[in-house]
Each structure stands twice: as C-alpha cells, then as structure tokens.
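> Dropping the sequence and predicted coords here.
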Amino acid sequence: HDVDLFEGQYTVENGMSYNSYVILDEKVAVMDTVDAHFGVEWLQNLETELNGRRPDYLVVQHMEPDHSANIAVFMETYPEAQIVSSAKAFVMMQQFFGTDFPERKVVVGEGSTLKLGRHTLTFVTAPMVHWPEVIVTYDSTDKVLFSADGFGKFGALDVEEDWADEARRYYIGIVGKYGAQVQALLKKAAALDIAIICPLHGPVLNENLGYYLDKYNTWSSYAVEDEGVVIAYTSIYGHTKEAVEELAEKLNQRGCPNVVVADLARCDMAEAVADAFRYSKLVLATTTYNATIFPYMQSFIDHLTARNYQGRTVGMIENGAWAPMAAKVMKKMLETSKNLTYTGTTVTVKCALNDASRAQIDALADELCKSTEIEALSNIPVVKFRPGCLCKKMSCDVLSCPCFLRKNVLYWLKETIVRLKRCA
C-alpha cells in the first residue's frame, strides 16, 4: 500500500503487489526480484523462506525495474548463485547495472530446461509480453506456470476485490498493444498442463483457470467482452455534458445493457480506456477546441489507438459555437483503428441543445440500441479455455469440445434471444 501510482501513471488506490517465488529442491531457485523500494523487506523475507539454505539460481524472467531492481544486491548477497535469463535480458543487465555477470550467467531460450532435483523448469520465450526479453517458466512437477507480467493485476494481496476489473485495467494499459504476442503465448500455454499460475503482480491463480485464460484470450484478440455503450466525454461549460446525459437516459430507457459514462477530465483515464475495450460500442463527445478537440479527449483517443483499438461501433457528439469540427478530427485520429463501424448519426450541438440536436440524440440512441440476429451471431465467442469444461481439458476448444457444444451453446442462444427481444 506504499505505492499509489504505478509506472508513474496508473492510480492504484489499493496498492500493488510485487511477487517473487522460491523453489526449494536439491537446488534452490529464486524467481525474480522486486521493486527497489521493497528490496530490504524482500531480502529479509527471502532469508526467512530459505531457512539457512543458499540459493543456487536467480531466474530473471523480466527486466523491468519493478522486478529486476534488486538483481545486483542479490548477486552480491549470494556470490555463489548463478543467474538464469534470456540473452536479451543480459544485454539489459549490462545497461542497468554495468555488468551482465559474465562468470555467473546461464543463458536460456525456447525449450531450455533447468533441473533442480524433483523439479525441472522449462523456459518459454514470450517476446513483447510486454518487453522483448521476457521469458515465462513452467514447472512440470507441480504444473506451475510462472507467467511474468501475464495474468497480473493492480492491487495489494490483502485486498478483496474483483480480479477481472483490475486485471483488465492492468492488461489494457500495460500489455494491450501486444495482443498478437499474447495470443502466441496463449497457444504455447495450451500445450502445457497447468494447475497453477504465478504472476509477478496479483494473486496466485489455482482455481477455475479457464476463466482467466478465457479473459486473456478475449482481451488479446480485441474481441468484445460485454455488450454495452461507453460514452466518453469532455465538457467545458456543461452543454456537451447535457447532451451526454440525455443520450445516456435514452439508452437506459430503451433497455440497452451496460451504459457507462466517463467524464475524461475527472475519471480514471486508464479505467475509461479499459471500458472502451470491454464494451461493444463507444460514443465520443467533445467540443471543438483550438481548431482541434479538447485535450482530454485527444489524450483518450491516443490511448485507444496506441493499444490497437478495433472492431467496435463508434458514435460521435460534437459541439462548437461557430465551426464544429470535432467529429471530423476524431475520425481522422481513429484512421489507424481497424474494423470500426461508425453510426449513421452524428450529433452536432451548436452551443446548446435544441430541437434538431435532440432529434439527432434520439436517432443515435436508436442506432446504438438496435440489435439484429446477424450482429449477435457475429459475436459468438470463438475462444479456447472455456471454464467449467466437463471433459477436463485445459485447452478445451469451443469448436471441438462436446460438453461445450452440449451445454454452453444452448445457453448462449437462449441469452441472445432474450437480448434481441429486449433491444427490439
């Protein structure tokens, strides 16, 4: 709880955990270090867990300083230990510490193994998840995947909170740009018999792993996680806010699920960005400002495009006293985003709402709430790792798993029919 701002930009009201693990066998391996602020505490905890033993190896999976800052002090404290990592990680060690520990380094790559005794570690490369040097480690004895930053979340370990919300905000903010690389890692993970996932941030995951793997598959494939509408807005004197509130009210009246409104000048920007990726539709509402758009909206769109925002329906509300051009500017900023569908209605407010702009809000609400059977069928989640799979296969494929086809498709169709009736 000593940390309130992660990576200098992400608010963490419930603190942050920095995880390091120890494997005690004939030989002892320590998995990663921690942030510099917690080095003394970590070394004390490590000494307690070692109970008089000396580590043989320090395995470095990720060189970001919140995990690597104490490498040098560890190597000084345990001069007989070797350091195990990828070739690119040793280049970074030279840059961070002025040495790559040449007499003590063990370079590993894809498929390399390290035998500790009963435990054998297998190393899996995970480039750009989310740095180029990253490796993850599989212990085949206890079926543990040490997943580096994968499956991490914001928040200290003593906080009871929903995993998905803070894991989503963490993933989208920090790893979101690298969906293709995460997909590649998930394919490698599908070949492993995993019972426990040990991330570098957040809790150890040892139950219902299909749920967590499913979330990561959805996030990394940029698929829609939930049906809903996010209205992200900026407002200077309240007129754009009034238009947003009217749209939100009309969406709720029409029974649209999950209407989320974010005031970008006041909200947690990372949460607003995560919500934009979570839900199926996004409305951007802002003013024309200095011949472009209001700075908070500009920043928000930059965050979206930097993380490969794609495959969503986007509507717009613009406001301007004499030459409203916010919609044009926002569309230009989103040109790099793939597979966006823009609503046919753009709401244009000239200073304040009037009958014409209110009619446009009505039309926009109708468009956003309209669901067709074709649209619903296009959102069937073709994913792996379904939770609750009766055949007990870790990598159960939705297209081949008989229990999924029996149980879950019928449930999905039932829910879809209900949603179509509600939104008709």
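Sure thing, it's come through. Residues are numbered from 1 along each chain as shown.
> Report the secondary structure state of residue 311.
Applying DSSP: H, G, I helix; E, B strand; the rest coil to residue 311 yields a three-state assignment of coil.
> ignore the last one, residue 83
Per three-state DSSP, residue 83 ends up strand.
> quick one, strands of the stretch 1-150 of the chain?
Defined through DSSP state E, counting those that start in this stretch, the strands belonging to the stretch 1-150 of the chain, from first to last, are 5-6, 10-11, 21-24, 28-31, 57-59, 82-85, 105-107, 113-115, 120-125, 135-139, 144-146.
> Stretch 112-131 - what's its average pLDDT?
Along stretch 112-131, the predicted confidence averages to a pLDDT of 97.
> can you pull out the strands in the stretch 151-300 of the chain?
Here the stretch 151-300 of the chain has its strands, by DSSP E, counting those that start in this stretch, at 196-198, 226-233, 259-263, 279-289, 292-293.
> Deepest-packed of those strands, please.
For these, average neighbour numbers computed from mean count of other CB atoms under 10 Å are highest in strand 279-289, which has a mean of 24. All C-beta atoms are positioned from the backbone trio N, CA, C, and that covers glycine.
> now that one: mean pLDDT?
Averaged across strand 279-289, pLDDT comes to 96.
> Stretch 344-361 now?
Here the mean pLDDT over stretch 344-361 is 95, rounded to a whole number.
> next one: it to chain centre, how far?
Using CA atoms, centre = their mean, to the nearest Å, the mean C-alpha position of stretch 344-361 is found 35 Å from that of the whole chain.
> buried set for that stretch?
By neighbour count on 16 or more other CB atoms under 10 Å, the buried set for stretch 344-361 is 345, 346, 347, 348, 349, 350, 353, 357, 360, 361.
> count of residues packed around the closest residue to the fifth one other than its chain neighbours?
Nearest-residue entry for residue 349: residue 319, 4.2 Å, with adjacent residues in sequence omitted and distances by CB to CB, 6 or more residues apart in numbering. By other CB atoms under 10 Å, 30 other residues sit near residue 319.
> now do residue 8
Using other CB under 10 Å, residue 8 is surrounded by 5 other residues.
> Do you know the pLDDT at it?
Note for residue 8: predicted pLDDT of 84.
> Could you do residue 415 as well?
Residue 415 carries a pLDDT score of 42 in this model.
> re the thing from before, looking at the strands of the stretch 1-150 of the chain, which is nearest to residue 290?
Minimum separation from residue 290 across the strands of the stretch 1-150 of the chain (CB to CB) falls at strand 10-11, 27.9 Å.
> Pull up the pairing partners for that closest one, direction included.
Strands that pair with strand 10-11, judged by DSSP bridges, come out as strand 5-6 (antiparallel).
> can you redo the strands of the stretch 1-150 of the chain as TSV with distance to residue 271 and mean neighbour count?
What follows is the strands of the stretch 1-150 of the chain, written out as TSV (distance: least, CB to CB, whole Å; neighbours: other CB atoms under 10 Å):
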stretch	distance to residue 271	mean neighbour count
strand 5-6	13	14
strand 10-11	9	16
strand 21-24	29	18
strand 28-31	30	23
strand 57-59	33	23
strand 82-85	34	24
strand 105-107	40	15
strand 113-115	40	14
strand 120-125	31	20
strand 135-139	27	25
strand 144-146	28	24
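> what residue ranges in this protein score low on pLDDT?
Within the chain, the ranges that satisfy pLDDT under 70 run 371-424.
> quick one, helices of it?
Assigned by DSSP state H, the chain shows helices spanning 39-50, 65-68, 71-77, 87-97, 163-170, 179-190, 209-220, 239-253, 269-278, 295-306, 326-333, 355-369, 373-377, 402-423.
> Specify which member of the buried residues of stretch 344-361 is nearest to residue 308.
residue 346 (24.2 Å).
> and the closest one, bridged to which residues?
Using DSSP bridges, the beta-bridge partners of residue 346 come out as residue 316.
> Show the contacting residues for it.
Applying CB atoms under 8 Å, 6 or more residues apart in numbering, one finds that residue 346 lies in contact with 315, 316, 317, 318, 327, 360, 364.
> Quick one: neighbours of the residue nearest to the first one when sequence neighbours are not counted, just the number.
The shortest distance from residue 315 to any residue other than its chain neighbours is 3.9 Å, reached at residue 343 (CB to CB, 6+ apart). By the measure other CB under 10 Å, the count of residues near residue 343 is 17.
> wait, doesn't residue 343 sit right on residue 364?
Yes - counting by CB atoms under 8 Å, residue 343 sits close enough to residue 364 to count as a contact (6.1 Å).
> any common contacting residues for those two?
Common neighbours of residue 343 and residue 364, using CB under 8 Å, 6+ apart, are residue 315.
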